[in-house]
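K.L.:
A structural model of the following input is requested.
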Amino acid sequence: MRKFALFAIGTLILLAALLGAYFIVKSNTKEKPKVAKVIKTVFVDTVKNSTVPITIPANGNLVAKNRLELYAEVQGVFENSSKDFKAGQPYKKGQLLIGINSNEYYASVQSAKSDLYNLVTSLMPDLRLDYPDAFPVWESYVQDFNMDRSLAALPKASNEKVNYFITGRGVHSAYYNVKNLEQRLSKYRIYVPYDGILTEALVNKGTLVRSGQKLGEFIDTSVYELELAISKTFSDLLQIGEKVTLNTLNKHTNYEGTVSRINGRIDQATQTVTVFVQVQAEDLKEGMYLEAQLEAKDIPNAIKISRKLLVDQSEIFILRDSILDLIEVEPVYFSPKEVVLKGVPDNTIILSKSIPGAYAGMLVKVSKEENRPQATQSQD
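P.N.:
Got it, this is the predicted structure:
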């Protein structure tokens, strides 16, 4: 009986301990709070299809259309110029740009002229006796011969015999030798071909100039060209003479240019075509960075939206009875920030701002803080 009593007491103590532990654990268990369901607020647009113009953005640096790189074809000392030969110096058409000392070479030209004069003079007695019909013409040529002027053309032979006689005496060889020297003598003077400005000066007065040496650069400041790289997709849509809107980076100044040339070759590396836009303005400078907006073509029955609203490159979110859904669309053109779409029915309600974590079937509510504009075409 004693053992039985001890066993019963021990059992009761153990049961009491287990029961106490159960109530202690149960009293420390916290109920999970109920999470309030949050409905996100969205901004929407109502679709209205229209004709959307495709505008191709491009940019580049201005380059003078007329550029003259100055190289010396003769050797001598840089002697003079109509103005101070320095970068930034403007010149007018016809002014002397570079004058190289040619005294020594000029003496060689005069010597060759004298030899020709003496040769023609020595033929005069024979012409008087053998070819009296040709004598008056050659006598007039000798009388008009001027050592200080450019050599006049030789008289034309009246017949083949006179021509053989003149040629046999070496008159034509001497004449063309003088003309060759005169052409080279003219290269000691470089004259300005058009109004412009000297952008680079690599020599100073008194410098010894060598043949083939670069002397500087001269540009026409009245006409510039902007070189643009356009995707081959739109190259066939551009035409020579088409107007182009150009603007500076700060958008404060706008210019109007004209497509002057289109390269007929596609760059294999970039798959682009080079387009040249001609522009004229007094405040333009070579090297100025400009942005261009090229009007390529019009897309009918389309809308333009932000690229952030496009899902997987072919879907967008729409709103049906406060629930989001996805529909297939047809992207037509991508710009850096926007995309032109087709296949969205009129009066469809679409998102105008992207929502993080959006999914089809998501419950949302429409913001009533402001009236959003309709999704149609937008001007760049």
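
K.L.:
every contact and neighbour count from this point should use C-alpha atoms.
P.N.:
Will do.

K.L.:
what strand or helix carries the residue nearest to T248 when sequence neighbours are not counted?
P.N.:
Residue nearest to T248 in three dimensions, not counting chain neighbours: L290, with 5.0 Å by Cα to Cα, 6 or more residues apart in numbering. Taking DSSP states H and E as the criterion, L290 maps to strand 289-306.

K.L.:
one more: V162?
P.N.:
helix 160-168.

K.L.:
so where is the stretch 251-380 of the chain shaky, pLDDT-wise?
P.N.:
369-380 (pLDDT under 70).

K.L.:
hang on, the earlier thing: report the angle between the helix or strand just after the helix holding V162 and helix 160-168.
P.N.:
Under the assignment DSSP H and E, the closest C-terminal helix or strand after helix 160-168 is helix 171-186. In terms of direction (axes from the mean of the first three to the mean of the last three Cα atoms, to 10 degrees), helix 171-186 departs from helix 160-168 by 50 degrees.

K.L.:
hang on, the earlier thing: the residue nearest to T248 against P57, yeah?
P.N.:
No - taking contacts as Cα atoms under 8 Å, L290 lies outside contact range of P57: 10.8 Å.

K.L.:
which of those two has more neighbours?
P.N.:
Taking other Cα atoms under 10 Å, L290 and P57 do not tie; L290 has more neighbours (20 against 17).

K.L.:
who does the more buried one form a beta bridge with?
P.N.:
G60 (DSSP bridges).

K.L.:
so how far is K243 from it?
P.N.:
15 Å (Cα to Cα, to the nearest Å).

K.L.:
same check, this time on S211
P.N.:
In terms of Cα to Cα, S211 sits 44 Å off from K243.

K.L.:
cool, and V120?
P.N.:
In terms of Cα to Cα, V120 sits 62 Å off from K243.

K.L.:
ok, G10 next?
P.N.:
In terms of Cα to Cα, G10 sits 105 Å off from K243.

K.L.:
same deal with G257?
P.N.:
6 Å.

K.L.:
for S114, same thing?
P.N.:
For S114, the distance to K243 (Cα to Cα) stands at 60 Å.

K.L.:
ok, now R67?
P.N.:
Taking Cα to Cα, one finds R67 at 24 Å from K243.

K.L.:
same question for A153.
P.N.:
To K243, A153 is 50 Å away according to Cα to Cα.

K.L.:
same check on V279?
P.N.:
Distance from V279 to K243, by Cα to Cα: 10 Å.
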